[in-house]
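[1] coords below, sequence missing:
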Ligand SMILES: NC(=O)CC[C@H](N)C(=O)O
């Protein structure tokens with residue numbers, strides 16, 4: 001049976017993700033049903049899900065109005081189906097968020113982390129930068145993959161790990177003790193068997209904006225070593241940036257391969 005991958009189509013960049021997923025499936029020579037998800041019924045037909053970027057407070061409001069919040073939590077945290085969130089999608093898939101709208105916002109959760117919304121500031125502080133993504137490397141013997149053009153638009157970063165089960169895979173041949181990642185500070189509330197894998201950090205760019213001044217990131221954000229911008233915990237994958245806004249479908253291809261493996265449909 002063909003794999004069915006949904007893209008949450010309530011708001012934001014869902015059509016770009018559908019386009020990239022279809023290209024990735026073609027590159028893998030696989031037939032994949034790519035479905036727009038707006039209802040619990042459509043969600044229940046999916047083997048995996050992408051939650052696009054956009055605006056997380058709107059996303060969460062529309063998800064509540066569409067009766068999708070609980071089905072999404074069940075999809076991600078009970079059925080543990082492969083789910084990838086980009087930008088606002090990453091915020092939605094985090095257990096906690098800071099710099100949220102007054103009164104907070106509903107989150108699906110699944111990643112034992114706290115994200116800091118709008119970490120780099122306003123729209124005008126958006127940027128594109130080359131990121132080294134060691135996880136795209138196919139085999140240990142293959143050559144270093146070319147950098148990925150990462151688009152950050154009012155992007156969040158992970159500023160706190162809520163579990164001490166962490167593995168840093170952001171660099172090739174990495175030795176864990178050499179990392180400058182923030183030391184985990186709070187034990188996971190929801191016991192999970194999967195550890196948080198840090199897949200990419202963005203070096204050398206720091207919040208120098210009012211969002212950072214207002215937020216409480218100073219206590220826990222990595223200083224000088226980079227911000228966590230891609231991570232995975234079990235079935236949940238998150239990126240701060242927007243691979244669907246580039247021509248480069250390597251991350252979509254990699255994720256589809258992971259999904260095929262996890263769902264044994266390969
Ligand atoms: N490009 C994006 O998805 C931005 C996310 C946005 N800053 C939010 O909080 O939802």
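    In hand now; what should we look at? As the structure is a computational prediction, the values presented were derived from the model and not from experiment.

[2] only the buried residues of stretch 54-69, if you could.
    Neighbour counts using 16 or more other CB atoms under 10 Å place 54, 56, 57, 59, 60, 61, 62, 63, 66, 68, 69 of stretch 54-69 among the buried residues. C-beta here means a position set from N, CA and C on the backbone, and glycine is covered the same way.

[3] so which bits of stretch 91-108 are buried?
    91-100, 105-108.

[4] just the ones of those residues in strands?
    94, 95, 96, 97, 98 (DSSP state E).

[5] what's the farthest-apart pair in the residues you listed?
    95 and 98 (11.8 Å; CB to CB).

[6] quick one, helices of the stretch 1-150 of the chain?
    Ranges of helices in the stretch 1-150 of the chain, per DSSP state H, counting those that start in this stretch, are 14-27, 40-44, 56-65, 69-73, 88-92.

[7] let me see the contact set for residue 6.
    Contact analysis of residue 6 by CB atoms under 8 Å, 6 or more residues apart in numbering lists 34, 35, 36, 37, 42, 43, 45, 46, 48, 49, 50.

[8] now, which of the buried residues of stretch 91-108 lie close to the ligand?
    residue 91 (CB under 6 Å from any ligand atom).

[9] farthest-separated two in the buried residues of stretch 91-108?
    99 and 108 (18.3 Å).

[10] spatially central residue in the protein, please.
    In the chain, the centroid-proximal residue (CA atoms, centre = their mean) is residue 238; its distance is 1.2 Å.

[11] which SSE is that one in?
    Applying DSSP states H and E as the criterion places residue 238 in strand 236-239.

[12] measure residue 51 to residue 203 for me?
    According to CB to CB, to the nearest Å, residue 51 and residue 203 sit 26 Å apart.

[13] these two - which one has more neighbours?
    A side-by-side neighbour count of residue 51 and residue 203, using other CB atoms under 10 Å, places residue 51 first with 32 against 14.

[14] show me the contacts for that one.
    8, 59, 83, 84, 85, 86, 88, 89, 92, 93, 108.

[15] also residue 12?
    52, 53, 54, 55, 59, 88, 89.

[16] any common contacting residues for residue 95 and residue 98?
    Contacts common to residue 95 and residue 98, judged by CB under 8 Å, 6+ apart, are residue 114.
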